[in-house]
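Colleague: Mind folding the following:
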Amino acid sequence: MTPAPTHSAARQRSAAACWVEAMRLRTLPVSVAGVVTAVALAVLNHTFRWPQPAICLLFAILAQIASNFANEYFDYRDGLDRKGRIGPRRGVTEGDITPRAMRNAALGTLALAALVGCSLIHWGGWWLIAAGAAIILGALAYSAGPYPLSRHGWGEIAVVAFFGIAPVTLTYRLQAGDCPPEVWLTAVSIGLMGANVLIVNNYRDRHDDAAVGKCTLAVRFGARFVTALYLFNGIAAAILMTPVWLRLMPCIAVPAIYLYWNFILWKKLRRLNGAALNPLLGQTAMTMLCYALMTLLSAILFN
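Modeller: The predicted structure follows:
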């Protein structure tokens, strides 16, 4: 007979679940998509190298998790999170995780990301220290500092920069040694897709954010503006990658499928409110990742 779990084991499982929730796993496809897309471009241009993309992927995931930890800690510290919020449960605010533990987890994860990033100096040179430092500072500046980006309507721009431009261009450059124009256009494209994930998050939280003085785009310009921006970002993202799809003409259905799903998700965004938007956040991130994976598959099959 299997013994019943002890209260101690139950508490440990509960604590583990709280930390997993704090990582915000449903948003991590945003980090993965940028690196996967850079690999697709490298395959298309016959410049794919190994293991640089794998290290870039680990760095990107760690940096995003650290940013999520920091966001939870600083929003709690500054009184921007309230118990019973409509979004996913915040461990620090609800008392599941101590503020000190969350702060230390954010700093520790950032330190681990820095160590992983330093290994890329072997292929890219010492300039990567400056690039990595900028990414790590960006992860903190999103929620902390004298001018937190997420509280002044700059969150979406930060996502384009740090989850689109940075991972795509750096991962590609570490393989090929340069970044042609189509890489930069693709990087902005992926960034716009990632910004849509934040748009869903901020659209869902707009009333809570307004109540505590957090001035996101959804608070500043209203629901109609950000829902329209969601649709625009998807269309612009597909258009920006036109040079890539002209080279992969047999797979032109891939951006068409993405545009279709972006339209379906946009209709859901306009219709839903509150906690009902939580699945849409993950669906937006997974649509982005599926697009990146289909791009990679297209480059492998039809290059």
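Colleague: Please report phi then psi for Ala133.
Modeller: For Ala133, the backbone dihedrals (degrees, to the nearest 10) come out as phi -60, psi -40.
Colleague: residues touching it, list them.
Modeller: By Cβ atoms under 8 Å, 6 or more residues apart in numbering, no residues touch Ala133. Bear in mind the C-beta positions are built from the backbone N, C-alpha and C, glycine included.
Colleague: Roughly how far does it sit from Leu110?
Modeller: Per Cβ to Cβ, to the nearest Å, Ala133 is found 11 Å from Leu110.
Colleague: Would you confirm that Ala63 contacts Ala114?
Modeller: No: using Cβ atoms under 8 Å, Ala63 is not in contact with Ala114; the gap is 9.2 Å.
Colleague: Of the two, which one has the most company?
Modeller: Ala63 (27 against 18; other Cβ atoms under 10 Å).
Colleague: Rounded mean pLDDT for the helix or strand harbouring that one, please.
Modeller: Assigned by DSSP states H and E, Ala63 belongs to helix 52-77. In this model, helix 52-77 has a mean pLDDT of 91.
Colleague: Who are the packing partners of it?
Modeller: helix 7-23, helix 29-44, helix 99-118, helix 127-141, helix 166-176 (3 or more Cβ pairs under 8 Å, 6 or more residues apart in numbering; DSSP states H and E).
Colleague: can you do 10 Å?
Modeller: helix 7-23, helix 29-44, helix 99-118, helix 121-124, helix 127-141, helix 166-176 (3 or more Cβ pairs under 10 Å, 6 or more residues apart in numbering; DSSP states H and E).
Colleague: For the ones you listed, give me TSV that also has distance to Gly79.
Modeller: Output for the helices and strands packed on helix 52-77, formatted as TSV (distance: least, Cβ to Cβ, whole Å):
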stretch	distance to Gly79
helix 7-23	18
helix 29-44	27
helix 99-118	12
helix 121-124	40
helix 127-141	19
helix 166-176	31
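Colleague: Contacts only, for the closest residue to Gly124 other than its chain neighbours.
Modeller: Counting by Cβ to Cβ, 6 or more residues apart in numbering, Gly124 lies nearest to Leu174, which is 5.0 Å off, once chain neighbours are set aside. Applying Cβ atoms under 10 Å, 6 or more residues apart in numbering, one finds that Leu174 lies in contact with 38, 42, 49, 52-53, 55-56, 120, 122-125, 128.
Colleague: Need the buried ones from the residues you listed selected in PyMOL.
Modeller: To isolate the buried ones among those in PyMOL, judged by 16 or more other Cβ atoms under 10 Å, type:
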select buried, resi 38+42+52+53+55+56+120+124+128
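Colleague: quick one: which of the contacts of Leu174 is nearest Arg90?
Modeller: Distance to Arg90 across the contacts of Leu174 (Cβ to Cβ) is lowest for Cys56, with 29.4 Å.
Colleague: Is the closest one in contact with Trp50, as I believe?
Modeller: No: look at Cys56 against Trp50 with Cβ atoms under 10 Å: they stay out of range, at 11.3 Å.
Colleague: what's the overlap in contacts for these two?
Modeller: Joint contacts of Cys56 and Trp50 (Cβ under 10 Å, 6+ apart) are 39, 175.
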